[in-house]
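A.B. asks: pasting a predicted model and its sequence here:
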Amino acid sequence: MYPDLISIGFLQIKTYGACMALGFLAAWQVLSWLCRRTGRSSDLLTGLVTWMMVCGVVGARAAYVIEHWQKEFAGHPELIIRVDQGGLMFYGGLILAIGVFLSWCRVKRERMLPLADMLTTVIPLGHAFGRIGCFFYGCCYGRVSQAGLAVSFPRGSPAWYEQLNAKMIDASARASLPVLPTQLFEAAAVATLFASLVWVYCRFWKSRPGFTTGIYLVGYGIIRFGMEVLRGDPRAAIGPFSIGQAVSLALLLAGVAFVAASKKKGGEST
């Protein structure tokens, strides 16, 4: 856990915020390369990507605040704006970013599927950096485990506080019980998904619009559903599933529909 990247007097840069910035820059570089490869002007996407990023952060923060309102924000509403300290729910950001994307395509009269394929190719890269930031901050941790890969977060970390409240440790404990580093597991998984999507996009972007988007939705739906099983932080539930698992199943089904539709349409675009 290393929440502060730089802390010199008034200059404070949080590691989580730095990872988010690096993730955006890395994703933008790959997006620019894909634009050059497919003959699309990256300048035209600058406004769209900026708005998607901003609204994505707002949506991710809003979803996290809603789920953790009683435990973290009811008594300290001023912490809502401290995005640099972590606390984002990816699905909330994804939903709001999709809304921005659909609105932008409608206003600009852009074909949605080819552009969606390009954007979903790079989303996992930025997501991987974000999960590394989660690890440095200590949020989104896994369940208690004695596995060799398990890690203990220091006193004052989210895992430490949660275990203290659950009476799993006492106030004198200098670190949490060992937990699975699900942040790093997910970072590795989405980085692998990103590499796979680059190959898929470069091969099918012209012949099967929507196919890459479908692969992303299926791939991330499977990844996130599995990660939810390993998570140890508090999770809101919808019936037998956590919110994350319920949304994962919806994404999985949507992804299958995209893949099936792309196969049916062949070289047509929408």
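C.D. replies: Everything's here; your move.

A.B. asks: residue boundaries of the helices in the stretch 1-150 of the chain?
C.D. replies: Secondary structure of the stretch 1-150 of the chain (DSSP state H, counting those that start in this stretch): helices at 15-38, 46-67, 90-108, 112-137.

A.B. asks: these: lowest mean pLDDT?
C.D. replies: Mean pLDDT is lowest for helix 46-67 among the helices of the stretch 1-150 of the chain, at a mean of 86.

A.B. asks: and the gap between Val107 and Val54?
C.D. replies: 17 Å (CB to CB, to the nearest Å). Where C-beta positions appear, they are placed from N, C-alpha and C, glycine not excepted.

A.B. asks: out of the helices of the stretch 1-150 of the chain, the one nearest Ile222 is which?
C.D. replies: Among those, helix 112-137 comes nearest to Ile222, with 12.6 Å by CB to CB.

A.B. asks: next helix or strand past the closest one?
C.D. replies: Using DSSP states H and E, the helix or strand that follows helix 112-137 towards the C-terminus is helix 158-165.

A.B. asks: look at Ser269 and report its pLDDT.
C.D. replies: pLDDT for Ser269: 43.

A.B. asks: would you list the phi and psi of Gly148?
C.D. replies: Note on Gly148: backbone dihedrals following degrees, to the nearest 10 are phi -60, psi -20.

A.B. asks: ok so, going back, neighbour-wise, which of Val107 and Val54 wins?
C.D. replies: More crowded of Val107 and Val54, by other CB atoms under 10 Å: Val54, with 13 against 8.

A.B. asks: settle this for me: Leu125 is touching Ala187, isn't it.
C.D. replies: No - proximity of Leu125 to Ala187 does not meet the contact threshold set by CB atoms under 8 Å, at 10.5 Å.

A.B. asks: shaky segments in the stretch 101-250 of the chain?
C.D. replies: Within the stretch 101-250 of the chain, the set of residues satisfying pLDDT under 70 is empty.

A.B. asks: tell me the secondary structure at the residue of the chain most remote from its centre.
C.D. replies: Taking CA atoms, centre = their mean, the residue of the chain most remote from its mean C-alpha position is Ser172, at 34.1 Å. Secondary structure state of Ser172, per DSSP: H, G, I helix; E, B strand; the rest coil, is coil.

A.B. asks: how much space separates it from Leu164?
C.D. replies: To Leu164, Ser172 is 10 Å away according to CB to CB.

A.B. asks: what do you get for Gly221?
C.D. replies: 34 Å.

A.B. asks: kindly report the same for Ile123.
C.D. replies: 35 Å.

A.B. asks: which of the two has more neighbours?
C.D. replies: Remark: of Ile123 and Leu164, Ile123 carries more neighbours, 23 against 16, as counted by other CB under 10 Å.

A.B. asks: tell me the contacts of the more buried one?
C.D. replies: With contact taken as CB atoms under 8 Å, 6 or more residues apart in numbering, Ile123 is in contact with Ala27, Tyr216.

A.B. asks: around Gly75, how many other residues sit close by?
C.D. replies: As a burial measure, Gly75 scores 8 neighbours (other CB under 10 Å).

A.B. asks: and it, what's its pLDDT?
C.D. replies: We have a pLDDT of 78 for Gly75.

A.B. asks: could you do Lys265 as well?
C.D. replies: 61.

A.B. asks: cool, Ser41 as well?
C.D. replies: For Ser41, the pLDDT comes out at 83.

A.B. asks: need the contact list for it.
C.D. replies: Cys35.

A.B. asks: ok, now how distant is it from Leu34?
C.D. replies: Taking CB to CB, one finds Ser41 at 12 Å from Leu34.
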